[in-house]
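S.K.: Sharing a model that was predicted from the sequence below.
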Amino acid sequence: MRNALQALGRYGEEVAARRLEQDGLRILERNWRCAQGELDIIALEGDTVAVCEVKTRSEQGFQQPEQALGAVRVERLRTLAERWLSERWPGHFARLAAVAVPGPAPLPPGGVRIDLVCVISRARGAARVEHLRGVV
């Protein structure tokens with residue numbers, strides 16, 4: 001059962017990443033990990049960093065993906081987003097958002113938001129994907 005859930009999760013992240021790219025977002029990182037947890041996808045939309053949590057469910061699931069974001073998970077996402085920004089933004093990704101100032105890179109000009117990408121795996125046909133911007 002655990003392997004099936006992991007496979008479904010990997011599938012959902014692949015589908016989500018493709019959809020985000022089709023919608024014009026630039027994927028900066030996937031599956032970034034630290035001691036406190038993991039961020040599924042970090043992307044750049046214009047000059048805004050979008051931290052994307054991917055929730056995948058099968059069509060027969062009893063819970064919709066957007067119902068899986070409780071208060072504890074939301075707080076963890078905020079903490080992880082802050083850590084990612086402090087560790088990865090200045091040295092690696094600020095140049096992608098055309099931040100060209102000497103010294104330490106400022107925060108992304110367009111800010112940071114936390115998005116939810118809901119993926120419903122269907123028994124037949126393509127998965128249904130919904131990108132909910134700024135849910136947190």
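M.R.: That came through, no problem.

S.K.: would residue 107 count as being in a helix?
M.R.: No - looking at residue 107 with DSSP: H, G, I helix; E, B strand; the rest coil, it is coil, so not inside a helix.

S.K.: residues in contact with it?
M.R.: 85, 89 (CB atoms under 8 Å, 6 or more residues apart in numbering). Placement of C-beta: from N, CA and C, glycine included.

S.K.: Now do the longest helix along the chain: which elements does it pack against?
M.R.: Looking across the chain with DSSP state H, the single longest helix is helix 2-22. The contact analysis (3 or more CB pairs under 8 Å, 6 or more residues apart in numbering; DSSP states H and E) places helix 2-22 against strand 26-34, strand 37-45, strand 48-58, strand 112-121, strand 128-132.

S.K.: winner for burial among the ones you listed?
M.R.: strand 48-58 (a mean of 23; mean count of other CB atoms under 10 Å).

S.K.: The most centrally placed residue in the chain: what's its closest spatial neighbour, skipping adjacent residues?
M.R.: For the chain, residue 52 is the residue whose C-alpha lies nearest the centre (CA atoms, centre = their mean; 1.7 Å). Using CB to CB, 6 or more residues apart in numbering and skipping residues adjacent in sequence, the residue nearest residue 52 is residue 41, 4.1 Å away.

S.K.: now that neighbour, which residues is it bridged with?
M.R.: Note on residue 41: beta-bridge partners by DSSP bridges are residue 30, residue 52.

S.K.: surely it meets residue 19?
M.R.: No - if you go by CB atoms under 8 Å, residue 41 and residue 19 don't touch, sitting 10.3 Å apart.

S.K.: Good, wrapping up.
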